[in-house]
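> Fold the following for me, if possible:
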Amino acid sequence: MRLKHIKLVGFKSFVDPTKVPFPHQMTCVVGPNGCGKSNVIDAVRWVLGESSAKNLRGDAMTDVIFNGSGARKPVSQASVELVFDNSSGRIQGEYANYAEISVKRLVTRDGRSDYFLNNSKCRRRDITDLFLGTGLGPRSYAIIEQGMISRLIESKPQELRIFIEEAAGISKYKERRRETENRMQHTRDNLDRLNDVRDELGTQLDKLQRQAAAARRYKELKKQERKFKAELQALRWLNLEQQAERLRQTIREHEAELEKWLAEQRGSERGTTELREQTNDTKAKLDKIQEQFYQLGNEITRTEHQLQRLRTEQQQRQQREQQLQAELTQLNDTYQRDVEQEVELKMQLEELQPEAELLALGAEEAQQRFQQHELAWEALQRDYQAFLDAQQQQRAELQQVQLQQERIGADLQRATQQRNELQAAADELKVEQQRLAASEVAEQLAQVEAEIAAANESLQQVAADQLQLREQCVATEHQQQQLQRTLQQQLGRQSSLQTLLTAAQQTHDTDQLVSWLQQQGHTLVGTVRELLNVNDDWRFAAEQVLTFWLSAVVVNEPLEQWPSELGSKVVTLTTAAVPTDSLAAQVQGPLRQWTLLQRIALVTDAQAAQKQLTDSHWLLALTQNGAAWGPGSFQAAHIEAESSLLLQQAELTELEQEIAAAEQALAQLDLQHQQQQAQLLEFEQQQQQARTQLNEFQAQAATWREKQKWEQQQLTQLQDKAEQIEQRSTALAVQVEEWQLQREELTLQLETLEQRASEDDLESWQQQREQLQSERQQLREQAQQQQQRAQEKKIQVEQLKHQTQSVRTLIQRLEQQQQQTQDQLSLLQQPDADSSEEAEVLAMQLEELLAQREIVDQDRRDWANKLAELEQQLHDVASGAKGVETQIEKARQKLQSSQMELAALQERTRNVLAVLDEMQQPLKPVLAALPENAEEKAWQQEVERLQSAIARLGAINLAAIEEAETLAERKSYLDQQHEDLSASLETLETAIRKIDKETRQRFKTTYDAVNSGLQELFPKVFGGGSAYLELTEDDLLETGVAIMARPPGKKNSTIHLLSGGEKALTALSLVFAIFRLNPAPFCLLDEVDAPLDDANVGRFCRLVEEMSQTVQFIYISHNKVAMEMASHLAGVTMQEPGVSRLVAVDVDEAVALTEAS
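Numbering: from 1, shown residues only. Next up, the predicted model:
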């Protein structure tokens, strides 16, 4: 097996379709650094199934796609195809017959990755399985990249063991063992769950069986209870019917008695009606007479009232006339007195008015004199106050000028000092501003913010990749769960079918027949059931006619002697041609040559069957639904589809294929899920690192921002402070000049004020003020006295005027009253003839009304006596009727009581019948079944006894009987499942032991061979010294492998003390020792000779050349000695930036051309 060439499209720097041929056993890939040589190695590793982007020198799997360059755009997908020469048949299995095998992988930008095997889409697992045991794989010893030599020699014992296992070809055993262990674990889990379910079902079954027994006892007692209850209700119905018949007879007697009394009551009611009519007529006449009597009484009363009113009015008129005469006399006297008083008051008023006017004039003159003097006093007072205010203001101004002089002096001194201080502060601020302007904070902050942006972008990318991978993980888990459920269902169905088929096979023991046939020297092919492979459409019909022959033994050649054992069935095969319309034509395999099948015709209906049977060749005619016709016979389908052994056998075969596919898919999903989890963990670590770095950058940025903010604030404050100092300094200079001018002006004002204050005289003003004050007081007293006398006279005049007016008003009122009284008296003194005539008429009418009332009263008394006689007669008749009514009521009560009793009995009877209806027990059959001596009391006691027995049973689960039966069937099924799972587990454990035994043997053999090869190759590579392998444990299944090496002339105690070149040679010795044992088809070396000097490179080249007889070497090197050793050179260039191209040179061909020329 050899790698023929590689096709790369869009993979890393190989954007254009590139074909890298490997025509010879030794090919060297050369080129300058960074041109893409190692991408060839990465391409091979990637196609073989590498799932870690880190091992491909990238962050994500999409990094293998060409990402563009200065002149080219990115591409959307990348693909790499490896073409192998399998003419030697190194790859076994279904691809062993292929001379050329193609393995291809394609990935797109959206993360989709596909594998192809010979251009057919496949799984990654298929690629892995293809190379199991060949030494090839994404991380096998056949691919040695830069730095892998040192990692190999320094690897842990368990990691080094992997190389030995790959060389031993036991990696596939480990994979199978892992799958078997997973299946065992699943089986154990299923067994544990099954045991839990069985235990729970056992507990439930015991409980349900007890409940079922109680339920059966309950049903039996309930049945007896229903029987006795029905009979008890029938007995009650009989008793109620007897009581009802007696009550009906009593009701009939009470009805006759009630009718007798009702007839007597009707006769009495007729006499009462006649008397009531006479009484009503008499009452009507009496009411009419009484109404007339009452009307006359009302007329008499009204007339008497009118007459009395007229007499009362005459008396009142006489009394009012006397009263008005007295009032008129009194008014005349009062009027005379008031007139005299009015004359006297007028005379007094005429005397006082001139005197009052003179006093008022004198008071007015005195007031005018006082007001004139008051004006002079106020003018003096104003002048005096003005003098005082001017003097006080001069004193204040003098004091203020003195204070201002002192303050301005102090301000001048303080302003001078402040100007000096401000100048010094301004100089310091300029220095500080220059220092802050030159700060490097802004530069540092910009650098940190750029790092934060980069970290954010990285974190977002990792988060996006992580989210995508989590979604893939969830999808994978969902597929696993769904596939696991499907697999469990399929395994369960497989176990059931195997059980059924095994049971069917055990019913036909063919051991004796097989032994006899072998003794006769016949070749056994198998049984009919095992070999019969009928097409799906005719499988069911075939079993209908071949049921008897399914257990028959099939032999190739005819028998000369037939067996005589009881139940023996043998089928022999012929070489005759198969009719196309026979059952044999629908059969695949050796049974096509069975004569019986060749003589069964396939038809569509009965008519076609009869037609075919006319040919003597056909024994039977068969339809697809299983109906069969023979000469004079017919057989319908007698086997159900569910019981068909052939259908079950076909279903079992299909299930086994589906289970194998499901297990393979489940294993692939497990591996994919593990890879996703590992990559997810890597993403989480990357994300955590990015977050930590981002937090650090953000903390640094926050610190630099705070520092920048503080410096900016300091600079702003310094600038503001400098401006304030400048403004303050300028203001102080101006203010100093103003204060100096004010100081000079104040000095002049002070001198002027001192001169003015010494010239004024206060004493003359005070003398004038005192003289005017005395004169003012005298004039005020005179004016007040005059005013008081004039006011008193004025009051006296006003009082006299008021009294005169009051008297005049009284006189006018008295005159009016006199006139009114005189008018009323005139009216009363007029004669009243109308009132006297009315009084006489009313007296005559009253006498006539009294006479009429006497006559009507006599008639009223006569009719009242007659009415009393009739009412007495009616009372006597009513007393007799009341006795009859009492008898009627008694008879009616007796009748109603009996009727109520009958209704109650009838209701009880209906209740009894309703109870029987609810119990679904017709009355007549129950009555017919009653014993002759049945008594209600005895039956009631029996019902109570049954009810007590039912109550003692407690709560009853009536569904327990059916549930117990169902649960028992389920437990039986689970017990069978438990046996099947236990047997499967034992089989798997046996397989594990076999795998472990084989693994130990192979590992031990390979370990010894590799150790021997290392001990042989190490001295060749080093020119002496020794090296060997050592096991770290005794258990060959778990032990690690350590390498011990001692170059010539050295006694190192550990491999880690070797130099880089020595480690590289030691690792190469180990790799080549493995290759000699189990050579991989090819070996890829990526600059493994870099740490070697020329002498060691020469030894390395000789060793490679020696092994190239059996192994194809493809290596990358910058060493001229290594280049000269190669038969074919593949040069990688990068003339266009970012794009790799290939230049190939066949060295052997070039040498041949040179020699020929």
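> What backbone torsions are found at F14?
Dihedral pair for F14: phi -90, psi 80, per degrees, to the nearest 10.
> same check, this time on T572
Phi and psi for T572, reported as degrees, to the nearest 10, are phi -110, psi 150.
> gap between it and R1099?
In this view, T572 and R1099 are 72 Å apart by C-beta to C-beta, to the nearest Å. C-beta: built from backbone N, CA, C; applies to glycine.
> Can you name the helix or strand that the residue nearest to the spatial centre of the chain falls in?
Nearest to the geometric centre of the chain sits V474, at 19.3 Å (C-alpha atoms, centre = their mean). Using DSSP states H and E, the element containing V474 is helix 441-506.
> was I right about M184 contacting T990?
No: using C-beta atoms under 8 Å, M184 is not in contact with T990, being 11.0 Å away.
> out of these two, which sits in the busier spot?
M184 (18 against 10; other C-beta atoms under 10 Å).
> quick one: that one and A665, what's the gap?
M184 is 19 Å from A665, by C-beta to C-beta.
> again with W939
74 Å.
> quick one, which of the two is more surrounded?
Remark: of W939 and A665, W939 carries more neighbours, 21 against 17, as counted by other C-beta under 10 Å.
> can you tell me how far R382 sits from P157?
For R382, the distance to P157 - C-beta to C-beta - is 128 Å.
> ugh, wrong one, A783
Taking C-beta to C-beta, one finds A783 at 143 Å from P157.
> quick one, which of these two is more surrounded?
Between A783 and P157, counted using other C-beta under 10 Å, A783 has the larger neighbour count: 21 against 15.
> My guess is the more buried one contacts Q372. True?
No: A783 is beyond contact range of Q372, at 11.2 Å (criterion: C-beta under 8 Å).
> Give me the neighbour count for Q785.
12.
> And the host helix or strand of I149, what does it pack against?
Per DSSP H and E, I149 falls inside helix 148-153. Counting contacts by 3 or more C-beta pairs under 8 Å, 6 or more residues apart in numbering; DSSP states H and E, helix 148-153 packs against helix 1060-1077.
> And the helix it packs on, how far out from the chain middle?
61 Å (C-alpha atoms, centre = their mean, to the nearest Å).
> who's in contact with the next helix-or-strand element following it?
Once the chain leaves helix 1060-1077, the next helix or strand it forms, by DSSP H and E, is strand 1082-1086. With C-beta atoms under 8 Å, 6 or more residues apart in numbering as the test, strand 1082-1086 has contacts from 2-3, 22, 37-38, 41, 44, 142-146, 148, 1071, 1075, 1111-1117.
> and if you look at stretch 941-960?
208, 211-212, 214-215, 217-219, 221-222, 224-225, 228-229, 232, 963.
> Among those residues, which ones are in helices?
208, 211-212, 214-215, 217-219, 221-222, 224-225, 228-229, 232, 963 (DSSP state H).
> Any quick ChimeraX command for the buried ones out of the residues you listed?
Selection command for ChimeraX covering only the buried members of those, criterion 16 or more other C-beta atoms under 10 Å:
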select :208,211,212,214,215,218,221,225,228,229,232,963
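> any idea whether V40 is helix, strand or coil?
Look at V40: counting by DSSP: H, G, I helix; E, B strand; the rest coil, its state is helix.
> coming back round to it: what about the helix holding V474, average pLDDT?
The average pLDDT for helix 441-506 rounds to 70.
> Over to stretch 799-818?
74.
> Contacts for it next, please.
With C-beta under 8 Å, 6+ apart, stretch 799-818 has contacts from 327-328, 331-332, 334-335, 338-339, 341-342, 345-346, 348-349, 352.
> Narrow those to just the buried residues.
Buried members of the contacts of stretch 799-818, scored by 16+ other C-beta under 10 Å, are 328, 331, 335, 338, 342, 345, 349, 352.
> Check which helix or strand the fourth one maps to.
Looking back up the chat, that one is D338. Assigned by DSSP H and E, D338 falls in helix 171-437.
> I'd say T572 and V528 touch.
No: using C-beta under 8 Å, T572 makes no contact with V528, being 11.8 Å away.
> Name the residues contacting each of the two.
In contact with both T572 and V528: V554, using C-beta under 8 Å, 6+ apart.
> Those two: which has the busier surroundings?
Neighbours were counted for T572 and for V528 using other C-beta under 10 Å; V528 has more, 21 against 17.
> So the more buried one versus A542, what's the distance?
For V528, the distance to A542 - C-beta to C-beta - is 10 Å.
> Just the C-alpha atoms of stretch 211-228, please, in PDB.
The C-alpha trace of stretch 211-228 is given here as PDB (Å, rounded to 0.1, in the frame of the first residue of the first chain):
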ATOM      1  CA  GLN A 211     -56.700  -7.500  47.500                       C
ATOM      2  CA  ALA A 212     -58.000  -9.800  44.800                       C
ATOM      3  CA  ALA A 213     -58.900 -12.500  47.300                       C
ATOM      4  CA  ALA A 214     -60.800  -9.800  49.400                       C
ATOM      5  CA  ALA A 215     -62.400  -8.600  46.200                       C
ATOM      6  CA  ARG A 216     -63.600 -12.100  45.300                       C
ATOM      7  CA  ARG A 217     -65.000 -12.600  48.900                       C
ATOM      8  CA  TYR A 218     -66.600  -9.100  48.600                       C
ATOM      9  CA  LYS A 219     -68.300 -10.000  45.300                       C
ATOM     10  CA  GLU A 220     -69.700 -13.300  46.700                       C
ATOM     11  CA  LEU A 221     -71.100 -11.500  49.800                       C
ATOM     12  CA  LYS A 222     -72.500  -8.700  47.600                       C
ATOM     13  CA  LYS A 223     -74.200 -11.300  45.400                       C
ATOM     14  CA  GLN A 224     -75.900 -12.900  48.500                       C
ATOM     15  CA  GLU A 225     -76.700  -9.400  49.900                       C
ATOM     16  CA  ARG A 226     -78.400  -8.400  46.700                       C
ATOM     17  CA  LYS A 227     -80.500 -11.600  46.700                       C
ATOM     18  CA  PHE A 228     -81.700 -11.200  50.300                       C
END
